[in-house]
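Student: this one's structure only:
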């Protein structure tokens, strides 16, 4: 049985802290004057620590507690051999070099298998949207769910911002284009570029490093803005079988069973207590029989019983998720 998330996180932190301590101590000793006095014995000890000790610590703190796959211990041993060969002078590797080479090949093969698993699971979950699909693949590769959500968000943002221009939205969705939000996003993006260029020139006179850090931060913000706009265009609200997939760019997502919808009506303002997922102005309000969980940025979660949305054709959405006798109410 897999350990609870908190216990698994503690185990992963224990492995990371132990490996950092081992590597830091070894590199400090190898780079000191002490090494020149006894290079042979110290090189032997350093090599054993990088390989045997590091692997044993990984096994004890990670594999034994089921927080890590046994393959991780193999990878640590392989990387230890490579590190000793590269950074420890006079390292008595001998047969370990050949073993390490074989282990490196095995490690690369293991990573390829893991990546293929991530891709396969992500493709199977493509209906969930890019963030949730990538997160599902990462979880299948035994990455903790919270970390998987964060990594999936970052990867999806880059993918949407760079490739969204060449893709078309899926047919059958209920778009949000009439609000003009995509135009607003374009204006915001233009202002970010202009202001960033001006700020870069001013800051560069004081500190070029600070200027480039500020510009990189602006570029990162622009990347998120582009990704959100592309997600709104490519992944609109949609009815998928018995599910209503509610999406607001990269900001919020939810899969709501159609049977869980108590009512859906046209509105012009967000009622008190409703979750505001509208762009500029809401057009529909979904009332649920019981609150549902929505997934937000970087793994954030929230529950809501009423959700306000902006839909270009609210009548079509109402007709798609309610019995004919209730359409238009």
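Tutor: On my side now, so go ahead. Given the structure is predicted, the values throughout are model-derived calculations rather than measurements.
Student: What ranges does the stretch 101-250 of the chain have for its helices?
Tutor: Taking DSSP state H, counting those that start in this stretch, the helices of the stretch 101-250 of the chain run over residues 130-140, 145-163, 181-204, 208-234.
Student: Out of these, which is the most enclosed?
Tutor: Comparing the helices of the stretch 101-250 of the chain by mean neighbour count (mean count of other CB atoms under 10 Å), helix 130-140 ranks first with a mean of 23. C-betas here are computed from N, CA, C, even on glycine.
Student: Who are the packing partners of that helix?
Tutor: Contacts defined by 3 or more CB pairs under 8 Å, 6 or more residues apart in numbering; DSSP states H and E place helix 130-140 against helix 95-124, helix 145-163.
Student: picking up where we left off before, for the helices of the stretch 101-250 of the chain, which has the smallest mean pLDDT value?
Tutor: Of all the helices of the stretch 101-250 of the chain, mean pLDDT reaches its minimum on helix 181-204 (a mean of 81).
Student: tell me how far that one is from the chain's mean position?
Tutor: Relative to the centre of its chain, helix 181-204 is centred 26 Å away, using CA atoms, centre = their mean, to the nearest Å.
Student: Return the list of helices and strands in contact with it.
Tutor: helix 208-234.
Student: same for the helix it packs on, what does it pack against?
Tutor: Applying 3+ CB pairs under 8 Å, 6+ apart, one finds that helix 208-234 contacts helix 145-163, helix 181-204.
Student: For the ones you listed, give me JSON lines that also has distance to residue 226.
Tutor: Listed next are the helices and strands packed on helix 208-234 as JSON lines, based on distance: least, CB to CB, whole Å:
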{"stretch": "helix 145-163", "distance to residue 226": "4"}
{"stretch": "helix 181-204", "distance to residue 226": "7"}
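Student: between those, which one is nearest to residue 219?
Tutor: Among the helices and strands packed on helix 208-234, helix 181-204 comes nearest to residue 219, with 7.4 Å by CB to CB.
Student: what residues does that closest one touch?
Tutor: Contact partners of helix 181-204, identified using CB atoms under 8 Å, 6 or more residues apart in numbering, comprise 210-212, 214-215, 218-219, 221-222, 225-226, 228-229, 232-233, 279-280.
Student: now stretch 221-233
Tutor: Residues outside stretch 221-233 that contact it (CB under 8 Å, 6+ apart): 129-130, 156-161, 164-165, 169, 175-177, 181-182, 185-186, 188-189, 192-193, 196, 247-251, 279.
Student: Stretch 126-140 now?
Tutor: For stretch 126-140, contacts defined as CB under 8 Å, 6+ apart pick out 117-125, 145, 147-149, 151-153, 155-156, 159-160, 231, 235, 240, 245, 247, 250, 253, 255, 295.
Student: Report the distance from that stretch to the chain centre.
Tutor: With CA atoms, centre = their mean as the basis, stretch 126-140 stands 9 Å off its chain's centre.
Student: thinking residue 89 is in contact with residue 40, fair?
Tutor: No: using CB atoms under 8 Å, residue 89 makes no contact with residue 40, being 10.2 Å away.
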